[in-house]
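structure, please.
(one chain, ligands or ions: 1)
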Amino acid sequence: MALVGLGVTGGIGAYKAVEVARALQKRGHDVVAIMTRTARRFVGEVTFEAITRRRVIVDQFARGANADIEHISLASDIALLLVAPATANVIGKFANGIADDFLSSLYLATRAPVLMAPAMNTNMLEHEAVRRNLATLGARGVRFVDPGQGCLACGWIGKGRLAEPDDIAEAADRLLQPGGSLLGRLVVVSAGPTYEDIDAVRFIGNRSSGKMGYAIAGEAARRGARVVLVSGPSHVEPPLGVEVVSVRSARDMHKAIASHAGSADIVIMAAAVADYTPVAPAEGKIEKGAEPLELRLVRTTDILEQLGKARGSDSRPVLVGFAAESGDPVARGREKLGRKSADLIVANDISRADAGFDADTNAVTIVSATGDQIVPLASKSAVAATILDRAEELLNAGLHT
Ligand code: CTP
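Residues are numbered from 1 along each chain as shown. Predicted structure coming up:
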């Protein structure tokens, strides 16, 4: 059982924080509620007091609470600071180190992990200022529970509503679990296609959507890892709390991954990296003519193979590759496992409509030195969880043969 500091800020979702408190208690945790001034306009402190059976903190200078400087003593007592709902305002304050009330002072004073469940209007969530603040906090190790889509209190339909209380409590619980999580680990994930420029307007790309890699990045972040997602061009919304490095070509992707791989615990190459690139992209636009146009292509560097070579006999990072095949995926996966010195190859058959590129589901076989694991058709996030379970096992065992 752990003590969770539950920060409640002033959004319409504040009433749902009551259910978050209950869901945490159901999982065996003790909760102390900290309400901001605006939160109290949405929901009464007595409700939290009755549920948590603790005095609710509403004021930094409450009489009788200053003898041991409450925000400092609470900072070391809590095992997790959870803010639900987290408004644009509190996100901005945390990102910029502003400490003008109890909750924002507690954030600066605590060394406990911090989990935030943002909730606000879609346009606010997408505003450059908010996105930047979220990225700052993510890079600092703050974890997020993604807001859901749906009908918002302001009448809009879109992203921004507070995640379900049970999902928030589940994410908090995972951060509080001592074993099995990826807390303190660095996971590097590549996703999406690469674009190899032919001239100023044309490129060679592929049909990868990025969904599988983004699902893995989201799951790794939920398990507490610091996640660097190196992504080729993709329309998929990045999971909150993940550091996104946007790249275009195979060469850019190689550079970005190489700069993080040295300190990574796990590298997962889910990107569909181009195997060939034009010898030299033309400057400007190639004009059409009567003659056939020949394009000379050269091989790109195989990033996964390079990582395998660079790792040598070390056990870190655990290396996971994908094999998108239309022939015999498992046989091809096995061949790639050896050639690229990977620990796991996730083989999938891209000729199926319900698996592979752009689908929300996938069916794969995880090929390793110790055997093949068939993962039947499931959502890409469920498949991501299985892949990470296997990678975590290898990481914890230190076995990479
Ligand atoms: N990969 C890589 N760098 C490349 C090409 C591929 O790191 N230049 C990685 C992919 O991210 C994937 C794995 O290698 O994890 C397999 O990619 P795939 O394109 O399916 O296989 P190739 O090795 O390129 O073999 P082939 O195209 O001949 O099937």
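
residue 243 pairs with what?
residue 228 (DSSP bridges).

what about it, how many residues nearby?
17 (other Cβ atoms under 10 Å). In short, each C-beta sits where N, CA and C put it, glycine included.

point out the residues in the stretch 101-250 of the chain that sit beside the ligand.
Within the stretch 101-250 of the chain, the positions lying close to the ligand (Cβ under 6 Å from any ligand atom) are residue 250.

low-scoring stretches of the stretch 101-250 of the chain, by residue?
154, 178-180 (pLDDT under 70).

the stretch 301-401 of the chain now?
356, 399-401.

if we go to 90?
Along the stretch 301-401 of the chain, the parts satisfying pLDDT under 90 run over 313, 315, 324-329, 348-363, 375-382, 385, 393, 396-401.

give me the most central residue, the chain.
By Cα atoms, centre = their mean, the chain has its centre lying nearest to residue 218, at 3.1 Å.

for it, helix, strand, or coil?
Secondary structure state of residue 218, per DSSP: H, G, I helix; E, B strand; the rest coil, is helix.

tell me who's in contact with it.
146, 239, 242, 381, 384 (Cβ atoms under 8 Å, 6 or more residues apart in numbering).

helix, strand, or coil at the closest residue to the ligand within the stretch 1-150 of the chain?
The ligand sits closest to residue 138 of the stretch 1-150 of the chain, with a gap of 23.9 Å, by Cβ to the nearest ligand atom. Assigned by three-state DSSP, the conformation of residue 138 is helix.

ok, it touching residue 241?
Yes. Counting by Cβ atoms under 8 Å, residue 241 is a contact partner of residue 138 at 4.4 Å.

number of nearby residues for the closest residue to residue 157 other than its chain neighbours?
Sequence neighbours aside, residue 151 is the residue nearest to residue 157 in space, at 5.5 Å (criterion: Cβ to Cβ, 6 or more residues apart in numbering). Residues within reach of residue 151, counting by other Cβ under 10 Å, total 10.

so how far is the ligand from residue 151?
39 Å (Cβ to the nearest ligand atom, to the nearest Å).

which residues touch the residue of the stretch 1-150 of the chain closest to the ligand?
Residue 138 touches 144, 240-243, counting by Cβ under 8 Å, 6+ apart.

go with 7 Å
Applying Cβ atoms under 7 Å, 6 or more residues apart in numbering to residue 138 gives the contacts 240-243.

any quick PyMOL command for the buried ones out of those?
A single PyMOL command selects the buried members of the contacts of residue 138 (16 or more other Cβ atoms under 10 Å):
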select buried, resi 240+241+242+243
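
the ligand: which of the contacts of residue 138 is nearest?
residue 242 (18.1 Å).

surely the closest one and residue 217 touch.
Yes. In this structure, residue 242 is within contact of residue 217 by Cβ atoms under 7 Å, at 4.9 Å.

quick check: neighbours shared by the two?
227, 229.

distance of residue 22 from residue 33?
Distance from residue 22 to residue 33, counting by Cβ to Cβ, to the nearest Å: 12 Å.

count of neighbours near the residue lying closest to residue 326 once chain neighbours are set aside?
Closest residue in space to residue 326, ignoring its immediate chain neighbours: residue 351 at 4.6 Å, by Cβ to Cβ, 6+ apart. Per other Cβ under 10 Å, the neighbour tally for residue 351 reads 11.

same check, this time on residue 41
10.

what of residue 363?
18.

so residue 211 makes contact with residue 383?
No. Using Cβ under 7 Å as the test, residue 211 is too far from residue 383 to be in contact (10.4 Å).

specify the local secondary structure of residue 54.
Applying three-state DSSP: residue 54 is coil.

check the one 5 residues further on too.
Using three-state DSSP, the three-state assignment for residue 59 comes out as coil.

what pLDDT does it get?
Predicted confidence (pLDDT) for residue 59: 82.

and it, how far from residue 86?
20 Å.

and if you look at residue 393?
33 Å.

neighbour count winner among these two?
The residue with more neighbours, out of residue 393 and residue 86, is residue 86; 30 against 13, by other Cβ under 10 Å.

what does the stretch 251-400 of the chain put close to the ligand?
Near the ligand, when you scan the stretch 251-400 of the chain using Cβ under 6 Å from any ligand atom, you find 269, 271, 273, 275, 300, 302-304, 321-324, 336.

pull the longest helix from the chain.
helix 380-397 (DSSP state H).

tell me which residue in the stretch 51-200 of the chain sits closest to the ligand.
residue 190 (6.1 Å).

now that residue, which residues is it bridged with?
residue 230, residue 269.

ok, back up a step: for the longest helix of the chain, packing partners?
Other helices and strands packing on helix 380-397, by 3 or more Cβ pairs under 7 Å, 6 or more residues apart in numbering; DSSP states H and E, are helix 211-222, strand 318-325, strand 344-349, strand 361-368.

for that helix, buried residues please.
380-381, 383-388, 390-392, 394-395.

which one of those is nearest the ligand?
When these are compared against the ligand (criterion: Cβ to the nearest ligand atom), the nearest one is residue 387, at 11.7 Å.

so the closest one touches residue 215, yeah?
No. Judged on Cβ under 7 Å, residue 387 makes no contact with residue 215 at a distance of 9.3 Å.

ok, and the closest non-adjacent residue to the residue of the stretch 101-250 of the chain found nearest the ligand?
Nearest residue of the stretch 101-250 of the chain to the ligand (Cβ to the nearest ligand atom) works out as residue 250 at 5.4 Å. Leaving aside its chain neighbours, residue 250 sits nearest to residue 300 (4.0 Å; criterion: Cβ to Cβ, 6+ apart).

tally of neighbours for the one you found?
Around residue 300 there are 18 residues (other Cβ under 10 Å).

repeat for residue 284
8.

name the helix or strand for it, please.
According to DSSP states H and E, residue 284 maps onto no helix or strand at all.
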